[in-house]
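Asker: attaching a predicted model along with its sequence, questions to come.
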Amino acid sequence: MDLHFGDSKPTDDERAAVDAVLGPPESSWEGADRCDADLRWARGGREARDRRDLLLPGLHAINDRIGWIGEGALDYVCRRLTVPPAEAYGVATFYAMFSVKPRPATVLHVCTDLACASADAAALCAGIESRLGTGSGVCVERSPCLGLCERAPAALAVKAGDPVRTAVSAPTNVEAAVLAASAPDSAPEEEPAAGAVPQAGDPSLILLNRVGVVDPSSLDDYRAHGGYTALRRAFALGPSGVIREVTDSGLLGRGGAAFPTGRKWQATASQPDHPHYLVCNADESEPGTFKDRVLMEGDPYALVEAMTIAAYAVGAHKGYLYLRGEYPRALRRMQYAVDCARTRGLLGDDILSQGYAFDIEIRRGAGAYICGEETALFNSIEGYRGEPRSKPPFPVEKGLFGKPTVENNVETLVNVLPILTMGAPAYAAIGTPRSTGPKLFCVSGSVEHPGVYELPFGATLGELLTRAGVRENLRAVLLGGAAGGFVRPDELDIPLTFEGTREAGTTLGSGVVMAFDGTVPLPRLLLRIAEFFRDESCGQCVPCRVGTVRQEEALHRIAERTGSEAATDIALLREVGRAMRDASICGLGQTAWNAVESAIDRLGAYE
């Protein structure tokens with residue numbers, strides 16, 4: 001493809017930001033000071049193309065340093081990586097956290113999603129905009145879920161520069177949000193991760209037993225509380241033994257699909273094509289989900305150890321941790337843990353003197369819900385738009401960079417540690433025969449004690465809400481987040497298992513439980529869900545691209561109509577919903593109608 005670069009030149013800051021990621025250019029072809037001799041041929045073209053996966057980190061570097069991605073900066077990173085400018089522009093405009101138009105250096109992201117919407121985020125945004133006024137040097141953006149649902153309403157301030165500065169304000173008000181935006185370094189320190197775990201310190205916990213107990217920055221403290229016991233047992237068992245333990249435990253994926261983890265690992269390990277890759281999906285963007293954030297902030301070394309075990313089992317020597325761009329503290333904690341583990345010989349060429357080499361690279365997302373889908377995530381890492389791929393081939397055959405890849409989310413991987421330390425039979429005895437082990441639930445909304453709860457599979461929805469202190473006048477409970485479904489207050493005896501929720505006509509999803517009392521307008525929530533799916537659709541397939549728009553339009557009309565007119569639009573919604581469910585290429589479009597359908601059928605939302 002022919003490359004056409006504009007006349008815009010990168011500024012010194014833009015050039016420095018890109019060079020910090022890619023290294024200094026080696027020739028004029030790549031943008032170094034002009035030398036006529038080396039313009040006669042292109043040197044290093046193949047090597048540059050092989051580094052296309054650094055496009056997203058390069059865009060992050062520009063956005064972090066400047067606050068937006070200018071034409072000169074985009075042209076420079078394109079020249080360095082030999083990426084067509086049109087393709088790079090498509091990537092830059094794909095992510096919500098990037099801007100290709102000038103904007104102030106400080107951006108204040110104010111969450112307006114479900115939990116925050118029920119906490120009157122609309123009034124908060126209006127108050128912030130009124131207080132800041134024009135010319136404040138702050139861009140206020142209404143944001144989808146920031147993963148801070150236990151502290152709604154929430155805001156995240158990002159101030160570009162070298163280094164970029166961030167401040168989280170949650171729960172926030174107008175004064176606190178303005179302070180975070182105007183002086184990120186002066187904003188109050190974010191509460192400890194243990195504040196999101198009402199059960200913190202309970203010795204019976206399995207997955208959350210170290211959160212609030214150990215210093216998350218201390219590797220020695222982690223090891224003193226059982227850390228790296230599981231990895232030593234993994235080396236004793238060997239790769240096939242580890243896979244056998246995980247298979248016998250009955251561990252199912254905790255990201256929502258509930259695929260048997262052992263089968264996925266075995267399928268990847270048996271592939272003759274090499275190298276194999278491990279990808280940890282830490283891009284939890286489902287509204288109402290924040291459990292992976294709490295694990296990474298409160299127990300980061302557990303994830304490093306679990307990723308090492310998974311990679312050892314499937315024969316991978318390189319792992320990628322794809323982490324939400326809206327999680328600045330989790331990024332700092334995980335980067336420190338990775339660096340420390342590498343320094344201490346727990347990552348690198350010879351882990352624990354066992355002759356096994358493995359390392360982890362952290363890649364930041366940039367605000368795209370669709371990148372939670374595994375193949376979209378692979379495209380994002382590779383430097384393309386985060387659009388899902390058609391399957392087959394499946395990732396275990398051709399995943400990241402076209403090689404066999406195993407992908408698991410944070411909670412799934414952390415479950416591997418107790419499987420190896422207590423043994424598969426003991427782990428399988430927890431929960432139910434078809435849903436084994438402990439499960440993390442993200443509880444938010446109209447409850448007194450929101451946060452991450454750990455319960456064995458089989459506990460009922462009512463038991464969980466009782467622990468969280470559900471408020472009176474309960475109107476509805478949303479299970480599984482925006483892609484899940486609503487249940488009525490008289491259905492709280494639903495067992496929280498994959499099979500139990502399925503039999504009840506709903507879904508467990510990733511473990512989201514959002515309670516809403518009578519003060520929360522249900523039609524407004526449904527409209528917000530429709531807006532979310534419209535915004536987050538990647539637009540690749542027609543059923544989802546068009547269907548999410550038609551769904552939102554119909555819900556807007558229903559809010560203004562009654563009687564037979566509303567009935568006509570409800571019938572249209574059903575038709576559109578069926579089309580999205582049957583024909584969309586990935587789970588986003590296939591589940592975009594679920595919550596609205598359940599609210600109409602189970603709650604009588606528009607009666």
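Answerer: Structure received. Numbering: from 1, shown residues only.
Asker: so how far is stretch 88-107 off the chain centroid?
Answerer: Counting by C-alpha atoms, centre = their mean, to the nearest Å, stretch 88-107 is centred 19 Å from the centre of its parent chain.
Asker: same question for stretch 306-316.
Answerer: Relative to its chain's centre, stretch 306-316 lies at 21 Å (C-alpha atoms, centre = their mean).
Asker: show the pLDDT at the closest residue to Arg142 other than its chain neighbours.
Answerer: Counting by C-beta to C-beta, 6 or more residues apart in numbering, Arg142 lies nearest to Thr112, which is 4.6 Å off, once chain neighbours are set aside. Where C-beta positions appear, they are placed from N, C-alpha and C, glycine not excepted. Per-residue confidence (pLDDT) for Thr112: 94.
Asker: low-confidence ranges in the protein?
Answerer: 1-6, 28-29, 31, 33-48, 561-564 (pLDDT under 70).
Asker: same thing but at 90, please
Answerer: 1-8, 25-50, 133-137, 185-191, 255-258, 471-472, 518-521, 559-568, 604-607 (pLDDT under 90).
Asker: so which residues of the stretch 351-500 of the chain form helices?
Answerer: Taking DSSP state H, counting those that start in this stretch to define them, one finds helices in the stretch 351-500 of the chain at 374-382, 410-414, 416-422, 424-428, 461-468, 498-503.
Asker: just say which of these is most tucked in.
Answerer: Burial of the helices of the stretch 351-500 of the chain is given as mean neighbour count (mean count of other C-beta atoms under 10 Å); helix 410-414 ranks first at a mean of 26.
Asker: dump the C-alpha coordinates for it into CSV.
Answerer: Extracted C-alpha coordinates of helix 410-414, given in CSV (Å, rounded to 0.1, in the frame of the first residue of the first chain):
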residue,chain,number,x,y,z
VAL,A,410,-7.6,-12.5,36.0
GLU,A,411,-10.0,-14.3,38.3
THR,A,412,-9.7,-17.6,36.3
LEU,A,413,-5.9,-17.5,36.6
VAL,A,414,-5.8,-16.7,40.3
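Asker: so what does that helix touch, helix or strand wise?
Answerer: Other elements packing on helix 410-414 under the criterion 3 or more C-beta pairs under 8 Å, 6 or more residues apart in numbering; DSSP states H and E are strand 276-282, helix 291-298, helix 300-314.
Asker: tell me which of these sits nearest to Phe378.
Answerer: strand 276-282 (7.2 Å; C-beta to C-beta).
Asker: could you spell out the sheet neighbours of the closest one, each with its direction?
Answerer: Using DSSP bridges, the strands paired with strand 276-282 are strand 316-323 (parallel), strand 405-409 (parallel).
Asker: so how far is the first one from its chain's centroid?
Answerer: From the chain centre to the centre of strand 316-323 is a distance of 15 Å (C-alpha atoms, centre = their mean).
Asker: tell me the buried residues in that strand?
Answerer: For strand 316-323, a neighbour-count test (16 or more other C-beta atoms under 10 Å) marks Ala316, His317, Lys318, Gly319, Tyr320, Leu321, Tyr322, Leu323 as buried.
Asker: which is the next helix or strand following the one helix or strand Leu56 maps to?
Answerer: Leu56 is part of helix 55-66, with elements assigned from DSSP states H and E. Per DSSP H and E, the first helix or strand lying C-terminal to helix 55-66 is helix 71-81.
Asker: so what does the lengthiest helix in the chain touch, helix or strand wise?
Answerer: Using DSSP state H, we find that the single longest helix of the chain is helix 563-583. Secondary-structure packing of helix 563-583 (3+ C-beta pairs under 8 Å, 6+ apart): helix 542-560, helix 587-591, helix 594-603.
Asker: ok, the residue lying closest to Ile351 once chain neighbours are set aside - contacts?
Answerer: Excluding the flanking residues, the one nearest Ile351 by C-beta to C-beta, 6+ apart is Phe358, at 6.2 Å. Going by C-beta atoms under 8 Å, 6 or more residues apart in numbering, Phe358 touches Thr308, Ala311, Tyr312, Ala316, His317, Lys318, Gly319, Leu347, Gly348, Ile351.
Asker: at 7 Å what do you get?
Answerer: By C-beta atoms under 7 Å, 6 or more residues apart in numbering, Phe358 lies in contact with Thr308, Ala311, Tyr312, His317, Gly319, Leu347, Ile351.
Asker: thinking again about what came up before, just the buried residues of strand 316-323 now: which is nearest Ala170?
Answerer: Leu323 (18.6 Å).
Asker: wait, a strand at Met514?
Answerer: Yes - assigned with DSSP: H, G, I helix; E, B strand; the rest coil, Met514 falls within a strand.
Asker: I'd like to know which of the helices and strands packed on helix 563-583 lies nearest to Ala482.
Answerer: Across the helices and strands packed on helix 563-583, closest to Ala482 is helix 594-603 (C-beta to C-beta), at 6.0 Å.
Asker: list the buried residues in that closest one.
Answerer: Asn594, Ala595, Val596, Glu597, Ser598, Ala599, Ile600, Arg602, Leu603.
Asker: I'd like the helices and strands packed on helix 410-414 laid out as a markdown table, including mean neighbour count and distance to Glu387.
Answerer: Converted to a markdown table, the helices and strands packed on helix 410-414 look like this (neighbours: other C-beta atoms under 10 Å; distance: least, C-beta to C-beta, whole Å):
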| stretch | mean neighbour count | distance to Glu387 |
| --- | --- | --- |
| strand 276-282 | 26 | 16 |
| helix 291-298 | 27 | 23 |
| helix 300-314 | 26 | 26 |
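Asker: one step back: for the strands paired with strand 276-282, which one sits closest to Glu190?
Answerer: strand 316-323 (16.6 Å).
Asker: just the CA trace of that closest one, in PDB.
Answerer: C-alpha atoms of strand 316-323 as PDB (Å, rounded to 0.1, in the frame of the first residue of the first chain):
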ATOM      1  CA  ALA A 316       4.500 -20.400  26.500                       C
ATOM      2  CA  HIS A 317       7.600 -18.300  27.100                       C
ATOM      3  CA  LYS A 318       6.000 -14.900  26.600                       C
ATOM      4  CA  GLY A 319       2.800 -13.600  28.300                       C
ATOM      5  CA  TYR A 320       0.800 -10.400  27.800                       C
ATOM      6  CA  LEU A 321      -1.200  -8.700  30.400                       C
ATOM      7  CA  TYR A 322      -3.800  -6.600  28.700                       C
ATOM      8  CA  LEU A 323      -4.900  -4.100  31.300                       C
END
